[in-house]
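1. I would like to see how this sequence folds:
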Amino acid sequence: MGSNTSKPETKVFTPATPVDFSSTFLSQLEQSPESDYSRAQYTEKYIQDRVAQELQKLEAQTIKQFKETTNKAISIDNNNNNNSSSSSDAKSKLSVTESSAKIAKLTKLLEDNSKLEQVEITPALQNSREQVIKCLKENQGKSLNCWDEVETFRTLVRNL
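-> You can find the predicted model right below:
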């Protein structure tokens with residue numbers, strides 16, 4: 001009783017069409033230095049390179065947009081000052097004091113914008129981050145064991 005299930009049974013499948021590989025092809029496959037692991041690494045490197053390229057494009061686009069915005073702001077200020085002044089030369093150059101005032105104004109605007117982009121990391125978020133890192137180090141190769149820590153971290157990040 002049950003003796004049939006404990007014995008290993010070998011099954012042989014024969015294809016409907018004959019499959020023949022040349023000996024040169026088989027030897028090439030055996031001598032190939034590429035493995036699944038190396039292909040995965042190549043894929044990962046390709047993905048990282050593409051992400052880096054996209055980030056560079058976005059950074060360049062952001063810098064260009066920032067320069068255009070600042071130039072527009074300066075030109076609008078220039079037009080307003082030129083239209084309101086009573087001098088006969090509508091395209092007169094800015095004085096040193098006006099330029100300094102505009103630079104100070106733009107510097108303050110930049111500082112305010114940089115403060116808005118900074119995210120304050122709460123102690124709970126920092127602790128959760130450390131727990132995820134600790135769990136991943138302890139369970140190398142078994143990242144699914146850290147599911148609870150990761151979910152806690154995600155929840156805290158979403159609440160920011």
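2. how much space separates the residue most central in space within the chain from residue 147?
-> The central residue of the chain, meaning the one whose C-alpha is nearest the mean C-alpha position (C-alpha atoms, centre = their mean), is residue 51 at 6.4 Å. As for residue 51, its distance to residue 147 is 25 Å (criterion: C-beta to C-beta, to the nearest Å). (Each C-beta comes from the backbone N, C-alpha and C, glycine too.)
3. which residues sit against stretch 141-153?
-> Under the criterion C-beta atoms under 8 Å, 6 or more residues apart in numbering, residues 125, 128, 129, 131, 132, 135, 136, 139 lie in contact with stretch 141-153.
4. measure that stretch end to end?
-> 20 Å (C-alpha to C-alpha, to the nearest Å).
5. buried residues in that stretch, which are they?
-> Of the residues in stretch 141-153, those with enough neighbours to count as buried (16 or more other C-beta atoms under 10 Å) are 146, 149, 150, 152, 153.
6. which SS class is residue 11?
-> For residue 11, the secondary structure call by DSSP: H, G, I helix; E, B strand; the rest coil comes out as coil.
7. that one: neighbour count?
-> Neighbouring residues of residue 11 were enumerated by other C-beta atoms under 10 Å; the total is 4.
8. what pLDDT does it get?
-> Taken from the predicted model, the pLDDT recorded for residue 11 is 82.
9. which residues does it contact?
-> Contacts were defined as C-beta under 8 Å, 6+ apart; by that measure residue 11 touches no other residue.
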